[in-house]
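1. for reference, the sequence and a predicted model appear below.
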Amino acid sequence: MKNKFIVGIISPLFLLLLFMNTVIAQQPCNDDAIMNTKGSWKKHSDSDLFPDKSFPKNQFPLVNSRIDKMQKLLQAAYPDPKGIEAVWYRSISGNALVEGGPVPYEISSLFLAYFCNTYTNKIEPGGETDTWFYVWANQLNWFAEHVKYYVIQKQPVYLLTPKIGEFNGYPLYKGLHNKNSNTGIAYSRSIIITRPGQSPYVPVTKKQFLKAFLNYNEKRFPKTLAAFEKNIVRTDEEEEANKKKQLEKIERTTAPDKIARARDYFLRTYVTDKQSKEASIAKIKKSHEELMKPAQNLLANSPEQELEQPAILDFDNLLEFKKFSTYEESRGQSVLHSGEGGRQLVRLNHDYFDSKLPRYVPQFLIVYWRWDKNKPAENFKNQLEANFNFRALKEMIDK
């Protein structure tokens, strides 16, 4: 009797649990359900992998306090993550742009969007993301690509990301992460915050680039030519022995009625090592002349006023110059290979950096944000752009 009583109690409870599980399993798994999933902010361990060796570690806390202010601005702009998990961490890495100058550091924040698992029909947190937010202090990072081939006025040269308009009173640039991928589409934007009317870089003029391009290739060409000239070729005796060997092979392997024709063709088309080497050297010289001609012609024939204009190039013309781009914005999917559009070439402005300021002080800041094409990421992007206090960030310059 006791056992029957227990079964009578458990059976309805079991049925209720089964019903609840069925209801939960049947809950919708879509964008609305994802956006109703509450996320949170989490602090990840810091990443101080390669800090400037000349920057004392006892000043790291002074850097971290500034990064923490940046994080508070970010979290104030996006306080309640929806359909996404927000993670942030500090980083002190890289050498100063100028010797003894302000050290580079940053806040990095990633946003892992929830998604509908089609196998389980459940909402789950993602493990990878293209949705990030950065503030880089005293460094150019992805905002400008270092061009190692050229040095102009003893300063390093960079390609900026393409300028596409204005945002909150700042020039707005594309990032490097505008791309199509197997998982969808990713976008990125960036701005630079500096002292009023000043910049850590200055434009490279067309004249400066053309001279740097010609100088670089004039220095490189003799080394390329010397490498080919060192190639060892057969002596005349070795060449004759090789020719005789090939003729004997023709006689052994060719039908008797075709030997004469095969011998004749072989002798007419035979190229010695020496001839091949001379042809290669001639080809290299011609290729070098063709490479230099467009830059030489522009430098010799363009009006001085035109040569003083900023140099705007796509990546291909940076290395094998044919022409300058006619506008700055990239129209293509790839920023590096952008068709008619290009990117402004700049050089570091050494005079911008104030050596009297403490090295932990931000002398310029770059804000860089990127996002996936999904609802939680786009919601983050919209709230960031609407709510982030860029004025408060600007007030951190030189402090």
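-> On my side now, so go ahead. Numbering: from 1, shown residues only.
2. helices along the protein, start to end?
-> 2-25, 31-35, 60-77, 206-229, 236-253, 259-269, 273-301, 304-307, 315-319, 375-387, 390-394 (DSSP state H).
3. from residue 205, how far off is residue 306?
-> 10 Å (CB to CB, to the nearest Å). C-beta coordinates here come from the backbone N, C-alpha and C atoms, glycine included.
4. relative to residue 33, how far out is the residue nearest to residue 172 when sequence neighbours are not counted?
-> Excluding the flanking residues, the one nearest residue 172 by CB to CB, 6 or more residues apart in numbering is residue 165, at 4.8 Å. Computed with CB to CB, the distance linking residue 165 and residue 33 is 35 Å.
5. what does residue 54 give?
-> 52 Å.
6. these two - which one has more neighbours?
-> residue 33 (14 against 11; other CB atoms under 10 Å).
7. residue 126 versus the more buried one, what's the distance?
-> Going from residue 33 to residue 126 by CB to CB gives 15 Å.
8. now do residue 326
-> Separation of residue 326 from residue 126 (CB to CB): 41 Å.
9. who has more neighbours out of the two?
-> Set side by side, residue 326 and residue 126 show more neighbours around residue 126, with 18 against 9, by other CB under 10 Å.
10. ok, residue 231 touching residue 277?
-> Yes: if you go by CB atoms under 8 Å, residue 231 and residue 277 touch, sitting 5.7 Å apart.
11. out of the two, which sits in the more crowded spot?
-> Counted by other CB under 10 Å, residue 231 and residue 277 do not tie: residue 277 has more neighbours, with 15 against 11.
12. residue contacts, the more buried one?
-> Shown in contact with residue 277 (CB atoms under 8 Å, 6 or more residues apart in numbering): 228, 231, 233.
13. from those, which single one is nearest residue 353?
-> residue 228 (44.0 Å; CB to CB).
14. below-threshold pLDDT in the stretch 151-300 of the chain: ranges please.
-> 179-184 (pLDDT under 70).
15. make it 80
-> 176-184 (pLDDT under 80).
16. show me the contacts for the residue nearest to the spatial centre of the chain.
-> Centroid-nearest residue in the chain: residue 176, 4.9 Å away (criterion: CA atoms, centre = their mean). Residue 176 is in contact with 142, 145, 161, 188, 335, counting by CB under 8 Å, 6+ apart.
17. picking up where we left off before, any idea which of the helices of the chain gets closest to residue 151?
-> Within these, the stretch nearest residue 151 is helix 206-229; the backing value is 7.4 Å (CB to CB).
18. which secondary structure elements does the closest one contact?
-> strand 144-152, helix 273-301, helix 304-307 (3 or more CB pairs under 8 Å, 6 or more residues apart in numbering; DSSP states H and E).
19. and the last one, how far out from the chain middle?
-> Its chain's C-alpha centre lies 31 Å from the corresponding centre of helix 304-307 when counted by CA atoms, centre = their mean, to the nearest Å.
20. please renumber the chain so that the first residue is 33 from this point on.
-> Sure thing, new numbering starts at 33, so read that last one as helix 336-339.
21. buried set for it?
-> In terms of neighbour count (16 or more other CB atoms under 10 Å), helix 336-339 has its buried residues at residue 339.
22. could you pick out the longest strand of this structure?
-> With secondary structure taken from DSSP state E, the chain has its longest strand at strand 137-149.
23. partners of that one in the sheet?
-> Strand 137-149 pairs in its sheet with strand 116-123 (antiparallel), strand 154-157 (antiparallel), strand 164-169 (antiparallel), by DSSP bridges.
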